[in-house]
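Visitor: Below are the sequence and a predicted model for it; my questions follow.
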Amino acid sequence: MQWLSQLWEWLYRRKALRAARIRRAERTDLQIVCFERARQCLQLADRILEPSNQEEDFLPELLGTYRRAVAWLLCGDHGAHAPLAEALSHCAQRVAHAARSADLTIIEPALVREPFQDAFVPREQLQAEVEQLQVFARELRLSADPVCVVRRLRRQRYARAGGVLGVALLVVAGVAVGPFHIRWQTPTFPGSIGYKFPAPQTEDPRLQPASPGGRLHGVSWRASTYLDRCEPDKHRCAGATTNIFFHTREEQMPWLELDLGESKPIVGFEVTNRRDGFQDRAVPLLVEASVNGESWWQLAYREDVFDQWKQDVPVRHARYVRLVVRRQSSLHLEDVVIRTQHDELRSPKPPARTPGAEKMAGG
């Protein structure tokens, strides 16, 4: 029955939560101060990244802020003050875990470099270091700060329990329909008996245009990768009954990019997560914008699991909007609306779901 115990732990996260709560209760005063200072540094970095500050060159200040955040996090994890290079070696396992979503060869030199030397670093290198340190610092806090670990494990418990409950309800609904309505379907996942791999496509699916829908026709989009071609008008994707209009593979920092056609004054956005399960895959979610598709600035950032996220932002002109999951995951959404001062630009919006038996997708 070991497998049953492992399944229960995966679902309920009881042992992991107990260990995290013990870590949280056993924190010293020094560790509490270190983790709080790290949180304040990351909050300050978010304020620097606000659209109203994008006209100024704050890269050295951002780099220094993320550097201090990492130093406080390593101090809290190690439980003692130490030079940054020494703290990196003491917390090597934690650093390696946080660096899975970032490039450690870029991060380490930026961390141990003296702050005054930042003035002599080329702007392109500073930009790359800031981007990598932003990801690294947030991942390090999620794994090092016991408060964040407890919060993350709770979200996992609720999301997984909700997914299992949803599957159970769908199975019960399918049985209630009656045996005469049950029919065999060819397995649609690799490795199953009878699975047929799709024929090679003649065109790059990342270049597929958005289907007409919402308040504006012809808004184009592309994603980092594609697991399968989704058909939201038929409520179908990757062999599942669902309303998502795209599905990336599992990868480092998957993204969806919308092209508004021309620069428009953006005032807000609305993101509808996949509502038939797996909502935790879409967080932490970064929403950013660009005029030329090369230089990006942050519009908003969210770590909490959501069904629908409506956000107002300071008015700023942009043509491209990109949604990025800042970790290894897969991304799938039902709808994205970009609000401007004159209209709303909407990604492909499927029609209302038709009643009947449904099948969950495992990804």
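Guide: In hand now; what should we look at?

Visitor: CA only for contacts and neighbour counts going forward, please
Guide: Fine.

Visitor: what is the closest residue to residue 231 other than its chain neighbours paired to in the beta sheet?
Guide: Leaving aside its chain neighbours, residue 231 sits nearest to residue 237 (6.0 Å; criterion: CA to CA, 6 or more residues apart in numbering). Going by DSSP bridges, residue 237 is paired in beta bridges with residue 240.

Visitor: Tell me how many other residues crowd residue 237.
Guide: 21 (other CA atoms under 10 Å).

Visitor: Tell me who's in contact with the most centrally placed residue in the chain.
Guide: What sits nearest the mean C-alpha location of the chain, by CA atoms, centre = their mean, is residue 325, with 2.3 Å. Residue 325 makes contacts with 253-255, 281-286, 331, as judged by CA atoms under 8 Å, 6 or more residues apart in numbering.

Visitor: What ranges does the stretch 1-150 of the chain have for its helices?
Guide: Under the criterion DSSP state H, counting those that start in this stretch, helices of the stretch 1-150 of the chain are mapped to 2-12, 14-25, 29-48, 59-78, 84-90, 92-98, 104-112, 123-144, 146-177.

Visitor: weakest of these by average pLDDT?
Guide: Lowest mean pLDDT within the helices of the stretch 1-150 of the chain: helix 84-90, at a mean of 68.

Visitor: Return the subset of the contacts of residue 325 lying in strands.
Guide: If you go by DSSP state E, the contacts of residue 325 have 255, 285-286 in strands.

Visitor: With respect to residue 304, which of the residues you listed is nearest?
Guide: Taking CA to CA as the measure, residue 304 lies nearest residue 285 of the ones in strands among the contacts of residue 325, at 8.9 Å.

Visitor: Enumerate every residue touching the closest one.
Guide: By CA under 8 Å, 6+ apart, the contact list for residue 285 reads 301-303, 323-326.

Visitor: Can you lay out those as CSV showing secondary structure and distance to residue 231?
Guide: Formatted as CSV, those follow (DSSP: H, G, I helix; E, B strand; the rest coil; distance: CA to CA, whole Å):
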residue, secondary structure, distance to residue 231
301, strand, 29
302, strand, 28
303, coil, 29
323, strand, 21
324, strand, 22
325, strand, 23
326, coil, 26
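
Visitor: Now residue 238: closest residue in space that isn't a chain neighbour?
Guide: Nearest to residue 238 is residue 228, by CA to CA, 6+ apart, at 5.6 Å.

Visitor: Helix, strand, or coil at the one you found?
Guide: coil (DSSP: H, G, I helix; E, B strand; the rest coil).

Visitor: Out of the helices of the stretch 1-150 of the chain, flag the one nearest residue 267.
Guide: Per CA to CA, nearest to residue 267 of these: helix 29-48, 17.8 Å.

Visitor: before we move on, back to that, measure the residue nearest to residue 238 to residue 17 for me?
Guide: 35 Å (CA to CA, to the nearest Å).

Visitor: cool, and residue 296?
Guide: In terms of CA to CA, residue 296 sits 37 Å off from residue 17.

Visitor: do the same with residue 122
Guide: Applying CA to CA to residue 122 and residue 17 gives a distance of 44 Å.

Visitor: neighbours around the nearest residue to residue 134 once chain neighbours are set aside, how many?
Guide: Leaving out its chain neighbours, the residue that sits closest to residue 134 by CA to CA, 6+ apart is residue 66, at 6.6 Å. Per other CA under 10 Å, the neighbour tally for residue 66 reads 27.

Visitor: what does stretch 269-276 rub up against?
Guide: 163, 166, 242-244, 279, 282, 306-312, 332-339, 360.

Visitor: In ChimeraX, select just the buried ones from those.
Guide: Restricted to buried positions by 16 or more other CA atoms under 10 Å, the ChimeraX selection for these reads:
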select :163,166,242,243,244,279,282,306,332,333,334,335,336,337,338,339,360
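
Visitor: Cross the contacts of stretch 269-276 against strands and list the overlap.
Guide: 308-312, 333-339.

Visitor: Redo those residues as TSV? Include distance to residue 41 and pLDDT.
Guide: What follows is the ones in strands among the contacts of stretch 269-276, written out as TSV (distance: CA to CA, whole Å; pLDDT from 0 to 100):
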residue	distance to residue 41	pLDDT
308	28	92
309	25	93
310	26	93
311	23	91
312	24	90
333	31	90
334	34	88
335	33	89
336	31	89
337	31	88
338	30	87
339	31	87
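
Visitor: hang on, the earlier thing: which one of residue 228 and residue 17 is surrounded by more residues?
Guide: residue 17 (20 against 15).

Visitor: so who does that one touch?
Guide: Residue 17 touches 150, 153-154, counting by CA under 8 Å, 6+ apart.

Visitor: Quick check: phi and psi on residue 122?
Guide: phi -60, psi 150 (degrees, to the nearest 10).

Visitor: Likewise for residue 235?
Guide: Dihedral angles (degrees, to the nearest 10) for residue 235: phi 60, psi 50.

Visitor: and the gap between it and residue 308?
Guide: 19 Å.
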